[in-house]
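>>> quick one: sequence and predicted model below, then my questions.
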Amino acid sequence: MHENAREKIARFIKAKEPAEIVFVRGTTEAINLVAYSWGLRNLKKGDEVLVSLMEHHSNIVPWEILSKMNGFTIKYAKVNNDGTLNYEDFESKFSSKTKIACLSHVSNVSGVVNDVKRIAKVAHDHGALMLVDGAQSVPHMAVDVKDLDMDFLAFSGHKMLGPTGIGALYGKKELLEKMAPFQGGGEMIKEVSFSQAKERCDISWNDPPWKFEAGTPNICGGIALMEAIKYLEKISITEVLKHEKQLAEYAVKRMRECSKVTLHGPADLSLRCGIIPFSVEGLSSHDVALFFDNYGIMIRSGFHCAQPLHQVFKLQSSARASFYIYNTREEIDRFIEALKEIEQV
């Protein structure tokens, strides 16, 4: 059943074969796997890694840690004031020194959808790889890794109706075959034999993807993720996105009735998914979240693990309303009622 789950995930994102799917704890571990299994051995002083300023910390911190170890340079592509990617700046930063470009498919703060296919083409034209953070895209829209031509895709199960502690890394098989293991232990080896002459063990690695899955796998998590995907496929992933966008459009329309509420992100909602960052005049995002909590409404508050993007927005923090398949227009009406009460504080 666990291996069936791998096959289901591969089909869901249109991978060529199940061997291109590595089970991980989530998006964070997937990006770290790429950083250490590929980056540690392929990035050196003089090389460059290209990252955008809208990235989740999971797509910034591993590269910063590694750059201090290996001495390569990280270049950060600018984000426009409305939260959209500055494509011209991103593309202008590519050079013969660029080895990998890292970009979120969808911003977890603003919901902005990035044209990762466009950036992947530029990356490949410069001989670089493309890593995509798909934590906010795979659960919400159809993703075809072959069509988008990404080299790596990371995503988490808990954002797509699955449990926490399970996710997947997609990697092109030819890349996974050349990469060294991320962790050592059981399962990830073919053979470990003691050499009397050398007085040490000779080790040969297992084939991908098992080469990257040391120890007892999260069997329950993998199977649960497969069931979540079956559920989403039954609904249709295109219907999921359609429903989210309808809710977001309705919510934005209602939120504009509020005089002390400021919406962040692009005004053109066609550029976004079902995520709405906002602030209320005179209140911190945490105050706003606590107020909503008293009404039984859950939102996010803080940096959302994307502090550089908040610096672009010139915000100390933000509140974030986000929608999925289980949300309704009636819940948005309740949200607006509470929001109008918050305005009176």
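Looks like it came in fine.
>>> quick one: the strands in this protein?
Ranges of strands in the chain, per DSSP state E, are 21-24, 48-52, 73-77, 98-104, 129-133, 152-156, 167-171, 189-195, 200-205, 261-263, 275-280, 300-302, 318-322.
>>> with respect to residue 212, which of these lies nearest?
Shortest separation from residue 212 across these is recorded for strand 21-24, at 4.7 Å, computed as CB to CB. Bear in mind the C-beta positions are built from the backbone N, C-alpha and C, glycine included.
>>> outline the domain layout of the chain.
2-235, 237-342 (automatic domain parsing).
>>> can you list those in CSV and add mean neighbour count?
Shown next, in CSV, are the domains of the chain (neighbours: other CB atoms under 10 Å):
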stretch, mean neighbour count
domain 2-235, 19
domain 237-342, 17
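>>> coming back round to it: including distance to residue 120, could the strands of the chain go into JSON lines?
Rendered in JSON lines, the data for these read as follows (distance: least, CB to CB, whole Å):
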{"stretch": "strand 21-24", "distance to residue 120": "19"}
{"stretch": "strand 48-52", "distance to residue 120": "12"}
{"stretch": "strand 73-77", "distance to residue 120": "14"}
{"stretch": "strand 98-104", "distance to residue 120": "8"}
{"stretch": "strand 129-133", "distance to residue 120": "4"}
{"stretch": "strand 152-156", "distance to residue 120": "11"}
{"stretch": "strand 167-171", "distance to residue 120": "13"}
{"stretch": "strand 189-195", "distance to residue 120": "33"}
{"stretch": "strand 200-205", "distance to residue 120": "28"}
{"stretch": "strand 261-263", "distance to residue 120": "30"}
{"stretch": "strand 275-280", "distance to residue 120": "23"}
{"stretch": "strand 300-302", "distance to residue 120": "29"}
{"stretch": "strand 318-322", "distance to residue 120": "26"}
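>>> nearest to residue 213, of those strands?
With CB to CB as the criterion, residue 213 lies closest to strand 21-24 of these, at 5.8 Å.
>>> average pLDDT for that closest one?
Per-residue pLDDT over strand 21-24 has a mean of 98.
>>> chain center to that strand: distance?
Between the mean C-alpha location of strand 21-24 and the chain-wide mean there is a distance of 14 Å, by CA atoms, centre = their mean, to the nearest Å.
>>> which other helices and strands contact that strand?
helix 2-12, helix 27-33, strand 167-171 (3 or more CB pairs under 8 Å, 6 or more residues apart in numbering; DSSP states H and E).
>>> what residues are up against residue 160?
By CB atoms under 8 Å, 6 or more residues apart in numbering, the residues touching residue 160 are 138-139, 225, 228-229, 232.
>>> adding pLDDT, write these out as TSV.
Rendered in TSV, the data for these read as follows (pLDDT from 0 to 100):
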residue	pLDDT
138	98
139	97
225	98
228	98
229	98
232	98
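>>> and the residues you listed, which of them are in helices?
Among the contacts of residue 160, the ones falling in helices (DSSP state H) are 225, 228-229, 232.
>>> let's have the residues you listed in JSON lines, adding distance to residue 43.
JSON lines is the format used below for those (distance: CB to CB, whole Å):
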{"residue": "225", "distance to residue 43": "31"}
{"residue": "228", "distance to residue 43": "34"}
{"residue": "229", "distance to residue 43": "33"}
{"residue": "232", "distance to residue 43": "36"}
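>>> many thanks, I have nothing further to ask.
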